[in-house]
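Novice: Return atomic coordinates for the entry below.
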Amino acid sequence: MANNTEEQQHSTTRSSIMEWKHMHPLHQIAETPTHKLLLKQWLKEEELINNRIALKETQIDSTRKEITMLYIFFFLFHSTTLMLLFNSSSSSSSCHRSWVPSLCSLLFSLGIIWALRYKSDVEGHMEKMLLREKEDKGLLGKCVEELKKKGLEFDLLKEVDALRRAKSLRVEAKEVRKWSSRDFVSLFFFSMACFSLALTRVILCS
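Specialist: Residues are numbered from 1 along each chain as shown. Take a look at the predicted model:
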């Protein structure tokens with residue numbers, strides 16, 4: 001009688017285990033508090049990362065618009081200044097006072113070049129942050145998919161530790177400083193400023 005009872009218990013246990021294994025992974029997660037809580041936390045974190053990515057993309061677009069406006073201001077200022085100087089260059093004493101518009105042009109050009117360089121550095125920094133957020137999203141999304149796919153077979157300690165280690169060990173490679181497109185843009189605008197100074201001198205003293 002006792003043997004029959006033990007056999008029934010073993011068979012019941014085996015059948016429950018088989019039923020548990022045949023359950024969909026999402027059902028297994030729903031029945032397990034730890035897996036369910038972890039999935040909720042990861043989904044919430046994934047949503048926060050998406051919000052941060054959208055915010056950074058908006059900020060990058062705004063910075064690029066500001067850089068474009070600085071380009072326009074630079075060329076608009078110099079074209080207007082040169083036209084005004086050309087129209088007022090009939091005076092004989094204009095050559096002696098040519099240092100005044102030259103100094104104003106130089107100061108304005110240096111200010112615009114500094115602003116362009118600053119905004120370009122801000123854009124580069126935000127692009128690196130955006131790339132990091134996208135990498136975090138990829139790592140987290142991979143873990144979420146594995147959890148949904150494996151259910152109870154998902155090793156919480158191993159996978160969570162692997163995710164934490166992947167984030168902490170991610171070190172940015174220190175690249176050797178090279179000439180970038182931002183450097184060439186700064187050099188181009190500095191050359192244009194020098195050309196504008198020379199042209200101002202020619203217009204007022206010719």
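
Novice: From now on I want contacts and neighbour counts done on CA atoms only, so please keep to that.
Specialist: Fine.

Novice: how about the helices in this protein?
Specialist: 2-22, 25-31, 33-87, 99-150, 156-168, 181-205 (DSSP state H).

Novice: Just put those helices in TSV and tack on mean pLDDT and mean neighbour count.
Specialist: Converted to TSV, the helices of the chain look like this (pLDDT from 0 to 100; neighbours: other Cα atoms under 10 Å):
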stretch	mean pLDDT	mean neighbour count
helix 2-22	51	11
helix 25-31	63	17
helix 33-87	89	15
helix 99-150	87	16
helix 156-168	65	12
helix 181-205	85	16
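
Novice: neighbouring contacts of stretch 183-202?
Specialist: 78, 82, 85, 95, 98, 101-102, 105-106, 109-110, 113, 116-117 (Cα atoms under 8 Å, 6 or more residues apart in numbering).

Novice: Apply 7 Å and report the result again.
Specialist: 82, 98, 102, 106, 109, 113, 117 (Cα atoms under 7 Å, 6 or more residues apart in numbering).

Novice: And stretch 66-79, by the same measure?
Specialist: 112, 116, 119.

Novice: Can you tell me which of the residues you listed is closest to Ser206?
Specialist: Ile112 (28.3 Å; Cα to Cα).

Novice: how near is that closest one to Thr68?
Specialist: 12 Å (Cα to Cα, to the nearest Å).

Novice: same question, Glu135
Specialist: To Thr68, Glu135 is 29 Å away according to Cα to Cα.

Novice: Then Phe74?
Specialist: 10 Å.

Novice: what does Ser120 give?
Specialist: Taking Cα to Cα, one finds Ser120 at 11 Å from Thr68.

Novice: same thing with Lys40?
Specialist: 42 Å.

Novice: same deal with Thr81?
Specialist: In terms of Cα to Cα, Thr81 sits 20 Å off from Thr68.

Novice: now do Ser98
Specialist: Counting by Cα to Cα - Ser98 and Thr68 are separated by 30 Å.
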